[in-house]
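Chemist: sequence? don't have it. structure:
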């Protein structure tokens, strides 16, 4: 485990001034989701055994495995963007509002499922590029949701570049869960969808958390949750971002004082194995997060058994925030017997 205290806390990274900050308009998300018959709140579960192992007073875990039947928090992202697009057409029958529209993306996991599901609900087509390393079982899940699957590229970043090229050549709508210069509008709205998860968690925590541990890949989930925590609870909670040691995109950007591209081996935390951060997420987290942690592969794997014993089985990616809590050194993060920690189980077992 490696720890970095954020020197930009409260100010943010000035080189990112042209990127928007994450939204905090949770009411807009709740209003749209209230019209969705598949929407239901996910549970917030207390995990006393995890608290004992971490040496803290309490641990609450927001369990996103059942979100809209898609198995992860990503159901709140791309599908929310597509729903907003459908509503904006003014169509009386939303099920055909986006007929003739094609969304294209790249995915290493659940983002592609959200694009596919959202497209099918509103009459659009989905094309999902996946890297050579993505299991065929996931490709079949995408096809079952109605997506056209294209294997392209050795890694996620290459797949996304090819998806962007396909969008330009074919007139498709690119729907990425990351953002970069000139591409921020849809990822900004996508991150807004994640506010629903954060709002539910904060609404149901018995007491305000003193710490929030957030796993991150490109940083969309972490950036959205952190923004709402600051909006609602101010500077009180200590926000800790957890990444794989093999994919330290946010950690290294914070350390460098600006966006950097990282390299590293393939991580078992596949949903977090992103070598470049989303600019929107980086802007928000450079302002809102207090600490950044890198965890090793074995540290993520070690969290699987205690989570499973608590009835909260997940993948290495899904439990990475809890893994960070379990290996964190108490003193640098202000952890101790009075700490109340909020974590997120972002997906079920792989």
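Modeler: Nice, I can see it. Just so we're clear, the structure is a prediction, and the values are computed from it rather than from any experiment. Residues are numbered from 1 along each chain as shown.

Chemist: Tell me the spacing between the residue of the chain positioned farthest from its centre and residue 86.
Modeler: Here the centre of the chain is the reference, and by Cα atoms, centre = their mean the most remote residue is residue 92, at 32.1 Å. Distance check for residue 92 against residue 86: by Cβ to Cβ, to the nearest Å, it reads 12 Å. Just so you know, the C-beta spots here come from the backbone N, C-alpha and C atoms, and that holds for glycine as well.

Chemist: repeat for residue 14
Modeler: Applying Cβ to Cβ, the value for residue 14 to residue 86 is 37 Å.

Chemist: same check, this time on residue 162
Modeler: According to Cβ to Cβ, residue 162 stands 26 Å off from residue 86.

Chemist: of those two, who's got more company?
Modeler: In this comparison of residue 162 against residue 86, neighbours counted by other Cβ atoms under 10 Å, the higher total goes to residue 86 at 23 against 17.

Chemist: And the pLDDT at the more buried one?
Modeler: Predicted confidence (pLDDT) at residue 86: the value is 95.

Chemist: could you say which helix or strand contains it?
Modeler: Per DSSP states H and E: residue 86 is located in helix 78-88.

Chemist: Distance from that helix to the middle of the chain?
Modeler: Average the C-alpha atoms of helix 78-88, do the same for its chain, and the two points are 18 Å apart (Cα atoms, centre = their mean, to the nearest Å).

Chemist: Repeat that for stretch 196-210.
Modeler: With Cα atoms, centre = their mean as the basis, the distance from the averaged C-alpha position of stretch 196-210 to the chain average is 17 Å.

Chemist: what's the answer for stretch 137-156, then?
Modeler: 19 Å.

Chemist: Mind listing what's buried along that stretch?
Modeler: In terms of neighbour count (16 or more other Cβ atoms under 10 Å), stretch 137-156 has its buried residues at 138-139, 141-142, 145, 147, 149-150, 152-153, 155-156.

Chemist: can those residues go into a markdown table with extra columns for distance to residue 10?
Modeler: Putting the buried residues of stretch 137-156 into a markdown table (distance: Cβ to Cβ, whole Å) gives the following:
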| residue | distance to residue 10 |
| --- | --- |
| 138 | 40 |
| 139 | 44 |
| 141 | 42 |
| 142 | 41 |
| 145 | 41 |
| 147 | 41 |
| 149 | 43 |
| 150 | 43 |
| 152 | 41 |
| 153 | 38 |
| 155 | 34 |
| 156 | 32 |
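
Chemist: Could you identify the most distant pair in the residues you listed?
Modeler: Across these, no pair lies farther apart than 145 and 155, at 23.0 Å, counting by Cβ to Cβ.

Chemist: Residue 132 against residue 158, yeah?
Modeler: No: with the criterion set as Cβ atoms under 8 Å, residue 132 and residue 158 do not qualify as a contacting pair; they are 9.2 Å apart.

Chemist: The two: who's more crowded?
Modeler: residue 158 (15 against 11).

Chemist: Assess the claim that the more buried one and residue 151 are in contact.
Modeler: No: Residue 158 is beyond contact range of residue 151, at 11.2 Å (criterion: Cβ under 8 Å).

Chemist: mind listing what the residue nearest in space to the middle of the chain touches?
Modeler: Geometric centre of the chain, nearest residue: residue 221, 3.1 Å, by Cα atoms, centre = their mean. Applying Cβ atoms under 8 Å, 6 or more residues apart in numbering to residue 221 gives the contacts 73, 191, 194, 197, 214-215, 344, 346.

Chemist: part of a helix, is it?
Modeler: Yes: when classified by DSSP: H, G, I helix; E, B strand; the rest coil, residue 221 is found to be part of a helix.

Chemist: follow-up on the earlier one: now the residue farthest from the centre of the chain: how far from residue 39?
Modeler: According to Cβ to Cβ, residue 92 and residue 39 sit 21 Å apart.

Chemist: any shared contact partners between residue 158 and residue 151?
Modeler: When contacts are counted by Cβ under 8 Å, 6+ apart, residue 158 and residue 151 are jointly contacted by residue 131.

Chemist: and residue 226, what does it touch?
Modeler: Residues in contact with residue 226, defined by Cβ under 8 Å, 6+ apart, are 22, 212, 214, 239, 241, 284-285, 288-289.

Chemist: tally of neighbours for residue 35?
Modeler: For residue 35, the neighbour count with other Cβ under 10 Å is 10.

Chemist: thinking again about what came up before, just checking, the residue farthest from the centre of the chain is part of a helix?
Modeler: No: secondary structure of residue 92 (three-state DSSP): coil, not part of a helix.

Chemist: related to what we said a few turns ago, now, among the contacts of residue 221, which is nearest to residue 184?
Modeler: Checking the contacts of residue 221 against residue 184 with Cβ to Cβ, the nearest one is residue 191 at 10.1 Å.
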